[in-house]
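Undergrad: Here is a sequence together with a model predicted from it:
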Amino acid sequence: MEYQFKEIEQKWQARWKADKAYQVPNISEKPKFYVLDMFPYPSGAGLHVGHPLGYIASDIFSRYKRLQGFNVLHPMGFDSFGLPAEQYAIETGQHPAKTTEENIGNFKSQLDKIGFCYDWSREIRTSDPQYYKWTQWIFLQLFNSYFCNTQQKARPVTDLVKKYETSGSKDFSAEEWNAFDAKTKAEWLMKRRLAFSAYGEVNWCEALGTVLANDEVVNGVSERGGHPVIKKKMRQWYLRITKYADRLLAGLDTVNFSEAMKEMQKNWIGKSEGAEMEFAVEGKDEKIRVYTTRPDTIFGVDFLVLAPEHQLVKDITSAEQLGAVAKYLGYVKSRSDRERMAEVKQVTGCFTGAYAINPFNGKQIPIWIAEYVLAGYGTGAIMAVPCGDQRDFSFAQHFNIPVTNIIGQHFNGNEANATKEAVLENSGFLNGLQMKDAIGIAINKIEQDGIGKRKVNYRMRDAGFSRQRYWGEPFPIKWEDGVAIALSAADLPLQLPYVEKYGPGPEGEGPLANIHEWVEEKYETSTMPGYAGSSWYFLRYMDPQNEETFCDRKVSDYWGQVDVYIGGTEHAVGHLLYSRMWTKVLFDLGLIGFDEPFKQLVNQGMIQGSSRFVYRVQGTNQFVSAGLKDQYETNELHADVNFVDGVELDMEAFRKWKNGEFADAEFILEGGKYFCGIETEKMSKSKYNTVNPDDLVSKYGADTFRMYEMFLGPVEQSKPWDTKGIEGVHRFLRKLWRLFNDEVKGKIWTVEPPTDAEWKLLHKTIKKISYDTENFSFNTAVSAFMISVNELADAKCHKKQILEQLLILLVPYAPHIAAELWSQLGNPGSILDASYPTFEEKYLVESTKEYPVSINGKLRTTLNISLEASPEEVESLLLQNEVVQKWLEGKAPKKIIFVKGKMLNVVI
RNA sequence: GCCCAUGUGGCGGAAUUGGUAGACGCAGCAGACUCAAAAUCUGCCGUUCGCAAGGGCGUGAAGGUUCGAUUCCUUUCGUGGGCACCA
């Protein structure tokens, strides 16, 4: 009986489906475990072999936890709102709802072939009104909440209103508040809401009549069509995520993310501590406020620099410099953000003619404007300390501004030195202090003298939350007389209306602005961004059909945090930060019981494509094999990996490719073969290096495919795909099969009791596989399975007691074959719920050890010694050994190192 | 520029706490079985000197610590990723 993977896999997949084997209850005596995949955007291209990597890993882990007796939540769904579907709709006229539906169907059938244990009864789609009803509902919670600075948490806006009514705020008294009209009140409240509306800049493309995402703008022009793009002020929605900056930072210490991931989030939040202080402008009333992280260098300030967009520029510029400044402003305006970023090294700037006064020593300091100072960060103005900051130094040099040295020897006059170790000189009250100590003292003095105050700055901005698009969640907001009115929860969902056209509305508004009834109702015309639905989806899986609430509190208390979250690093700063913030808000409002969504995050690496190239001799139909290409003038062309065996091209398949574009190709061969060039690149259709999992599953089976993806290397590492090695894994499964069945004799497994050696073999495997699975080291687990099966085959062990335990270990990796053989062994019940074997130390106890014997640290021989032997006995055995004696040449050893159970080393 | 990864045979990779480098698999070579093919099985497979026994070298490079370093430290180079005139 052969290993008929096709029949076996179909049979078990059908049975598990019929038995609802993967449905998970919300009420259970078992401890819970939640394993989550980052849900996919259902693109039209379908899956390639890179996509399932993380899904297989999470599937293995889920099944492993289930066997260990956990109630495992392992759901899947679709992030089905988004730009590509809308783009496709614009091009083809097909409604996004329709294409999305088709793509999801395609994805699901691809996923099912691989044999995942998803509980599809919990499937969610972000574009489903029953789902986005609750996205809208959570938006209303954000809209109706503010961040209380005292308690450092979200609270209902009604609390804020009460406070205003009774005690006012720093901007108005209670009486004033109560006298405000509704619109004024709304404006004040908008300044505090967690989801708020304000004017902000968007990328506006006049020619396309639409707003573009940053990704769609390349080099200052639109990606489509290459039309100019300018910044335009429009009313936008934002999330006040900056209020959560500190908690988002602190929360990182409580979760198990990779250091790299935490680092990325920290960088994104970009917290810096320093001081904000004011410089008086000579002869004017204006004061210039600067932000610095190095107040200790205050005596080294040689000039101030304002961002060209700074509002004080026009007020302080002197009459003589008016012309020069206007010219410089014109220059800056002509430059795109990208140019400003690209040409970092270029020093430009312009003197304003005005001077500021250093508040500590009264020194007169010139005020410049320069594009290297950004309007959007800090106060848009800096104090320049050329001896300590390289950009300031380059600027001073370029414009011949004298440099004050406050760090003595540490400054060499040729480049700045940003040290904090130097002892300060020329620094008034800070003289003689080490810089790092001076920082605090300087801030205290600044605060004492009323010049400024301690200040924490963040690089992170409030998150833009509206898109001028169709295919997203409508905001549950009406605009009346310029005031945003929230819909009541009873009116949700506010359904996305059906449209015929997806083009932009007037004045850059979204397509919804073209719908008469929509505008008539005064609904907000923009929609929510892609990350809205994905910010809370892990909660909906817990309670997907609930019509009363987004997720019942009892249910979320049971499932709690996601124990393991698996996905790519591309979401490091977007999705992960937003969902962490939403979780914190929901926690603050008492709607859930935890404030970090993901306990552990595992980042799977990218599977890269391994591209193959053919070399066409210029201007001919001749293709030259890779080894000979240097003898010709050639053009490199991608060839489809699917008809290259290793590096050898299937010339017939190549001639038939692309409807015969290369039908009359001629080949210049090496040894009768055509060899292709190889390069590792991103997997993509245009590079013809994609491999479809369906093909591999139908050729080798899902079990082989799953194990091979894991065998490629560590999950977290990026690696190129190479189909060739899959044969090895398939051979392994066939070999496993032959432990149970013989092609001729049929059944060969027996119920004979195993020997000690066989038990030892099994328990060695149990130990290794459990350890590796627990630690996501799936590649070494696969290799341990291979070793185990090789050893069992060598030992001709066909004993049920051993084999059935091995099958349970295998379930997470290759569930179909494991289930089939389990039932062949005559076991009742489903192997999916068998109990995971526990490793017992007693089987692995050894009495002797084959010690490696080194002379001066170099291995020379091995020596089999009882583990009971005393150090003296070991030493005498060692010195009797002829190899050791040979190396000693009659001399006595200087030293003998004996580590029990490990090794022996003789120093001569 | 800064931060984080990472570098081991022809290839993917292993070595869990500083203790036998190259497990497992692919590819390759030789052989068995077969009329033949497939499948399967056996042996070899870092490099170099040597008939062999055995030895030299070897984990990007150079140093260091140690009885002993792929593993720890310093310097340096390459690759991948993130951030970036961030004051």
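TA: Perfect, I can see it now.

Undergrad: Could you pull up the residues touching A:His310?
TA: A:369, A:373, A:375, A:380-381 (Cβ atoms under 8 Å, 6 or more residues apart in numbering). All C-beta atoms are positioned from the backbone trio N, CA, C, and that covers glycine.

Undergrad: Those residues in helices, which ones?
TA: Nothing among those maps onto helices, per DSSP state H.

Undergrad: Next one: the nearest residue to A:Gly593 once chain neighbours are set aside from A:Leu539, what distance?
TA: The spatially closest residue to A:Gly593, leaving aside those adjacent along the chain, is A:Asp557, at 5.2 Å (Cβ to Cβ, 6 or more residues apart in numbering). Between A:Asp557 and A:Leu539 the distance, using Cβ to Cβ, to the nearest Å, works out to 12 Å.

Undergrad: Same drill for the two, tell me which one is more crowded.
TA: For the pair A:Asp557 and A:Leu539, the greater number of neighbours falls to A:Leu539 (24 against 12), based on other Cβ atoms under 10 Å.

Undergrad: So the more buried one lies in a helix, does it not?
TA: Yes: using DSSP: H, G, I helix; E, B strand; the rest coil, the assignment for A:Leu539 is a helix.

Undergrad: sec struct for the residue lying closest to A:Pro893 once chain neighbours are set aside, please.
TA: Beyond its immediate neighbours in the sequence, the residue positioned closest to A:Pro893 (Cβ to Cβ, 6+ apart) is A:Val906, lying 4.9 Å away. The assignment at A:Val906 comes out as strand when based on three-state DSSP.

Undergrad: who touches A:Val906 in this structure?
TA: When the contact criterion is Cβ under 8 Å, 6+ apart, the partners of A:Val906 are A:853-856, A:878, A:884, A:887-888, A:893, A:895-897.

Undergrad: The closest residue to RNA strand B within the stretch 651-800 of chain A: which element?
TA: Closest approach between the stretch 651-800 of chain A and RNA strand B, counting by Cβ to the nearest atom of the strand: A:Gly728, at 2.4 Å. For A:Gly728, the host element (DSSP states H and E) is helix A:726-740.

Undergrad: Packing partners of that helix?
TA: For helix A:726-740, the helices and strands in contact under the criterion 3 or more Cβ pairs under 8 Å, 6 or more residues apart in numbering; DSSP states H and E are helix A:693-700, helix A:702-711, helix A:778-794, helix A:800-810, helix A:815-824.

Undergrad: at 6 Å what do you get?
TA: Contacting helix A:726-740 under the criterion 3 or more Cβ pairs under 6 Å, 6 or more residues apart in numbering; DSSP states H and E are the following elements: helix A:702-711, helix A:778-794.

Undergrad: Could you say which of those helices is packed most deeply?
TA: With neighbours taken as mean count of other Cβ atoms under 10 Å, those reach their highest mean count in helix A:702-711, at a mean of 26.

Undergrad: helices or strands next to that one in the packing?
TA: helix A:52-67, helix A:726-740, helix A:778-794.

Undergrad: Centre of the chain to it, how far?
TA: On the basis of Cα atoms, centre = their mean, to the nearest Å, the separation between the geometric centre of helix A:702-711 and that of its chain is 24 Å.

Undergrad: Adjacent strands (with direction) for the helix or strand following that helix?
TA: Toward the C-terminus, helix A:702-711 is succeeded by strand A:719-720 as the next helix or strand (DSSP H and E). Within its sheet, and counting by DSSP bridges, strand A:719-720 is paired with strand A:607-617 (parallel).
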